[in-house]
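Engineer: Just the structure for this:
(one chain, ligands or ions: 3)
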Amino acid sequence: MMAYLLKGVSILGAEPTDLFIKDGVISSDKAGKDAEVIDASGLVALPGLVDVHTHLREPGREDAETVETGSRAAALGGYTAVCAMANTSPVADTAGVVEQVWRLGREAGLVDVQPIGAVTVGLAGKQMAELGAMATSAANVRIFSDDGFCVADPKLMRRALEYVKAFDGVIAQHAEEPRLTEGAQMHEGEVSTRLGLTGWPAVAEEAIIARDVLLAEHVGSRLHVCHVSTAGSVEVLRQAKARGVRVTAEVTPHHLLLTDELAAGYDPVFKVNPPLRTRSDVEALRQALLDGIIDVVATDHAPHAVQDKECEWAYARPGMLGLETALPIVLSVFGEQWDLIADRMSIAPARIAGLAGHGGDLTKAGTPANLTLVDPKARWVVDPGGLASRSRNTPYAGLTLPGRIVATFLRGEATVLDGKAVK
Ligand SMILES: NC(=O)N[C@@H](CC(=O)O)C(=O)O
Ligand SMILES: [Zn+2]
Ligand SMILES: [Zn+2]
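Structural biologist: Numbers count the residues shown, from 1 in each chain. Ligands and ions are numbered 1, 2, ... in the order given. Now for the predicted structure:
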């Protein structure tokens, strides 16, 4: 196994130091004779990023992404672990499918791929899936989600919350009251009225979050809210957390930056669920992330094949790429707040997903060497054709972003060096 000496690296913005990686962990042995020396001056070391919400599309839509191509995109984005959403084909609602995804992740060997299990059979919202069988499978599933769809039936949601309590699992809810979003094409507001598109009102998200925090409180179980997008949702979460409800929440990079005005050009690259909201929602989400009301940044990386995206707005699938641009977007929004970035993009997501070994303290010898090196001063232009994802649906094409991932290490093995994936 290769040893590395990262010379003059800044750990989370601290004074430059030498960091030695050996036998898969951070080592106190500074000598490092046989180590490969990496000139890391000007680079910042972060614990490897952890994404609690990634769509890898395998099995079923390998034309859009595979576990391998998505893992490569993740490593290039500074990630060492991603949680793979269950809305594949077949749906990840059995031990067999989650074990398949888990095995494919191991074979790709670029990031830890932690499968998420479906809450209901076929994501149909009718019958609970075999949560226990997925939890005790080799994939060791702890997060369950029907993402793409809301678990709308309150009784089913209650039962699922109760069920996962036994093994400290968590239900990750795609909060969307389906009756309020029928036919929705974008955020309901001034812009949707002007464009004549049916809107998804903020209350369709907020009503479900309000219901679910009450259910979670009632049964004393863990709830995680996917892709929070409105100021009203933040207020519901603020109140729930103040009462001690076991709720965590995520926000995507795109909801921290983009607004519904972008729908005006009818370019489906900006079509996503939940939809891009207003400037005041964006401001509230940023503040909530700073306050810790929103716990983590999650990409909701949602690759789609060209024919599913480059068509009329109404027919285009919702979703956008995220893995390779997440850290640069967060850097552009918040600046070099390294402790904040490490917490919201690595430490807290690792805790929510139960991924021991990720989000560790890089200043301590013995910490598993899951980390990434960022050049915060480097600027780069997003070129959809230059991304490692198999899909091209990035909303940031042509945008100049700060922060280039120079290297990523998974348990001491380089997955990215010189800004390139090693395999
Ligand atoms: N975010 C999206 O717009 N799409 C996601 C599903 C989801 O996250 O709800 C997808 O799977 O494509
Ligand atoms: Zn969703
Ligand atoms: Zn999603």
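Engineer: dump the residue contacts of the residue lying closest to residue 275 once chain neighbours are set aside.
Structural biologist: Distances taken as Cβ to Cβ, 6 or more residues apart in numbering place residue 187 nearest to residue 275, at 4.2 Å, with adjacent residues excluded. The C-beta positions use only the backbone N, C-alpha and C, and glycine is treated the same way. Shown in contact with residue 187 (Cβ atoms under 8 Å, 6 or more residues apart in numbering): 199-200, 202, 260, 263, 275-278.
Engineer: next structured bit after the helix or strand encompassing residue 332?
Structural biologist: According to DSSP states H and E, residue 332 maps onto helix 326-334. Sequence-wise, the next helix or strand downstream of helix 326-334 (DSSP H and E) is helix 338-342.
Engineer: Would you mark the buried spots in that next one?
Structural biologist: 338, 340-342 (16 or more other Cβ atoms under 10 Å).
Engineer: so which of these are also by ligand 3?
Structural biologist: Near ligand 3, judged by Cβ under 5 Å from the ion, there are no entries from these.
Engineer: Out of those residues, which comes closest to residue 387?
Structural biologist: For the buried residues of helix 338-342, the closest approach to residue 387 (Cβ to Cβ) belongs to residue 341, at 21.4 Å.
Engineer: low-confidence ranges in the chain?
Structural biologist: In the predicted model of the chain, residues 31-32 satisfy pLDDT under 70.
Engineer: who in it is up against ligand 1?
Structural biologist: Residues of the chain lying close to ligand 1 (Cβ under 6 Å from any ligand atom) are 55, 87, 147-148, 174, 272-273, 300, 302, 317-319.
Engineer: Residue 107: what's it in contact with?
Structural biologist: 67-68.
Engineer: Would you state the strands of the stretch 151-300 of the chain in chain order?
Structural biologist: Listed in chain order, the strands found in the stretch 151-300 of the chain under DSSP state E, counting those that start in this stretch are 170-173, 186-187, 199-200, 222-225, 247-251, 296-297.
Engineer: What residues sit buried inside stretch 389-409?
Structural biologist: By neighbour count with 16+ other Cβ under 10 Å, stretch 389-409 contains the buried residues 389-396, 401-409.
Engineer: do stretch 290-304 as well
Structural biologist: Buried residues in stretch 290-304, defined by neighbour count with 16+ other Cβ under 10 Å: 293-304.
Engineer: From the residues you listed, pick the one nearest residue 237.
Structural biologist: Closest approach to residue 237 among the buried residues of stretch 290-304 (Cβ to Cβ): residue 293, at 5.3 Å.
Engineer: Do I have it right that the closest one meets residue 236?
Structural biologist: No - using Cβ atoms under 8 Å, residue 293 is not in contact with residue 236; the gap is 9.9 Å.
Engineer: Residue 36: what's it in contact with?
Structural biologist: Contact analysis of residue 36 by Cβ under 8 Å, 6+ apart lists 2-5.
Engineer: Now do the phi/psi pair for it.
Structural biologist: Here is the backbone geometry of residue 36 (degrees, to the nearest 10): phi -80, psi 130.
Engineer: now it: how far from residue 22?
Structural biologist: Noted for residue 36: a distance of 11 Å to residue 22, by Cβ to Cβ, to the nearest Å.
Engineer: what's the answer for residue 116, then?
Structural biologist: Applying Cβ to Cβ, the value for residue 116 to residue 22 is 33 Å.
Engineer: which bits of the stretch 151-300 of the chain sit near ligand 3?
Structural biologist: So far as Cβ under 5 Å from the ion goes, the stretch 151-300 of the chain lies against ligand 3 at residue 300.
Engineer: Closest residue of the stretch 151-300 of the chain to ligand 3?
Structural biologist: The nearest approach of the stretch 151-300 of the chain to ligand 3 comes at residue 300, 4.4 Å away (Cβ to the ion).
Engineer: for that residue, phi and psi?
Structural biologist: Per-residue torsions, residue 300: phi 50, psi 40 (degrees, to the nearest 10).
Engineer: Same check on the one 10 residues further on?
Structural biologist: Reported as degrees, to the nearest 10, the phi and psi values for residue 310 are phi -90, psi 70.
Engineer: Over to the one 5 residues further on?
Structural biologist: Backbone geometry at residue 315, expressed as degrees, to the nearest 10, gives phi -100, psi -10.
Engineer: again, but for the one 5 residues further on
Structural biologist: The phi and psi values for residue 320, taken as degrees, to the nearest 10, are phi -140, psi 160.
Engineer: any idea how far residue 263 is from it?
Structural biologist: Distance, residue 320 to residue 263, using Cβ to Cβ: 13 Å.
Engineer: can you check residue 311 too?
Structural biologist: The gap separating residue 311 from residue 263 is 15 Å, by Cβ to Cβ.
Engineer: okay, these two: which has more neighbours?
Structural biologist: Neighbour count, other Cβ atoms under 10 Å: between residue 311 and residue 263, residue 263 has more, with 23 against 12.
Engineer: pretty sure the more buried one contacts residue 276?
Structural biologist: Yes - Residue 263 is within contact range of residue 276, at 7.1 Å (criterion: Cβ under 8 Å).
Engineer: picking that back up, which of the residues of the chain next to ligand 1 sits closest to residue 250?
Structural biologist: Using Cβ to Cβ, residue 300 comes nearest to residue 250 of these, at 8.1 Å.
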